[in-house]
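Participant: Could you look at this predicted model? Sequence included:
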Amino acid sequence: MTIIIIALAFGYLLGSIPFGLIITRAAGLGDVRKIGSGNIGATNVLRTGNKGLAALTLVFDVLKGTIAVLVAANWGMEAAMAAGFGAFLGHLFPVWLGFMGGKGVATYLGVLVALAWKAALVFAITWLAVAFLSRYSSLAALVSAVASPAMLYLMDLPEQAAVVGVMSILVFMKHRANIARLAAGTESRIGAKG
């Protein structure tokens, strides 16, 4: 149990690093929370008009989840899952930003990469397909968050499916406003500037 708590805490601290905010400030673009959705993730960084910074944010947010899982995996799968879940929670609720973080999609993917790469591949393909067809990042994230735990269950990984399923519920909760805008037809499309 001690190892699980340490893994969860380690993952949380790693996940709580707000790379989107750090990267945009370092580039002289100010506080990314003051544009678009107010989010610290790659989609909102893209609204600055700088695709390179958005890509860099995406990579670092993915790596938070992947590194947390891989490091904790040295102490077993339960520790790995705890660290991955912690990294995801850290991105959503970072202590450094008053627990007001991102929506966790990139970190979710990073956790999947290390836990079960085939499920991560399903997530990525689903996200790309839905995003390409709809131009809605939020819709792509929501559909992918349904597909991922289902894929883990089909892979006969029930514990991982349960953890990722809880993460999916949190993704939906963090996307409540997006879901309302999707229903109203007012959601911003990928590439729209802040």
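Facilitator: Perfect, thanks for sending it.

Participant: For the protein, which residues score under the pLDDT cut-off?
Facilitator: For the chain, the stretches flagged by pLDDT under 70 are 191-194.

Participant: Run through the helices of it in chain order.
Facilitator: Along the chain, counting by DSSP state H, helices occupy 2-15, 19-26, 42-46, 51-72, 77-92, 105-115, 117-134, 137-154, 158-174, 176-184.

Participant: what about those helices, which gets the closest to I35?
Facilitator: Proximity to I35 (CB to CB) singles out helix 42-46 among the helices of the chain, at 6.9 Å. All C-beta atoms are positioned from the backbone trio N, CA, C, and that covers glycine.

Participant: so what secondary structure elements neighbour the closest one?
Facilitator: Packed against helix 42-46 by the contact rule (3 or more CB pairs under 8 Å, 6 or more residues apart in numbering; DSSP states H and E) you find helix 19-26, helix 51-72.

Participant: Now mean neighbour count too, for those, in a markdown table please.
Facilitator: A markdown table is the format used below for the helices and strands packed on helix 42-46 (neighbours: other CB atoms under 10 Å):
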| stretch | mean neighbour count |
| --- | --- |
| helix 19-26 | 20 |
| helix 51-72 | 21 |
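
Participant: Take these and lay them out in CSV including distance to S144.
Facilitator: Below are the helices and strands packed on helix 42-46 laid out as CSV (distance: least, CB to CB, whole Å):
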stretch, distance to S144
helix 19-26, 19
helix 51-72, 13
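
Participant: Of all those, which one comes closest to M1?
Facilitator: In terms of CB to CB, the element of the helices and strands packed on helix 42-46 nearest to M1 is helix 51-72, at 14.1 Å.

Participant: how about the CA coordinates for that closest one, as CSV?
Facilitator: Provided in CSV are the C-alpha atoms of helix 51-72 (Å, rounded to 0.1, in the frame of the first residue of the first chain):
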residue,chain,number,x,y,z
LYS,A,51,1.5,25.1,-34.1
GLY,A,52,5.0,24.4,-33.0
LEU,A,53,4.3,25.3,-29.4
ALA,A,54,1.0,23.4,-29.5
ALA,A,55,2.9,20.3,-30.7
LEU,A,56,5.5,20.7,-28.0
THR,A,57,2.8,21.0,-25.3
LEU,A,58,1.2,17.9,-26.7
VAL,A,59,4.4,15.9,-26.5
PHE,A,60,5.3,17.0,-23.0
ASP,A,61,1.7,16.4,-21.7
VAL,A,62,1.8,12.9,-23.2
LEU,A,63,5.2,12.2,-21.7
LYS,A,64,4.0,13.1,-18.2
GLY,A,65,1.6,10.1,-18.3
THR,A,66,4.1,7.7,-20.0
ILE,A,67,7.0,8.5,-17.8
ALA,A,68,4.9,8.2,-14.6
VAL,A,69,3.8,4.7,-15.6
LEU,A,70,7.2,3.4,-16.8
VAL,A,71,9.0,4.6,-13.7
ALA,A,72,6.4,3.1,-11.3
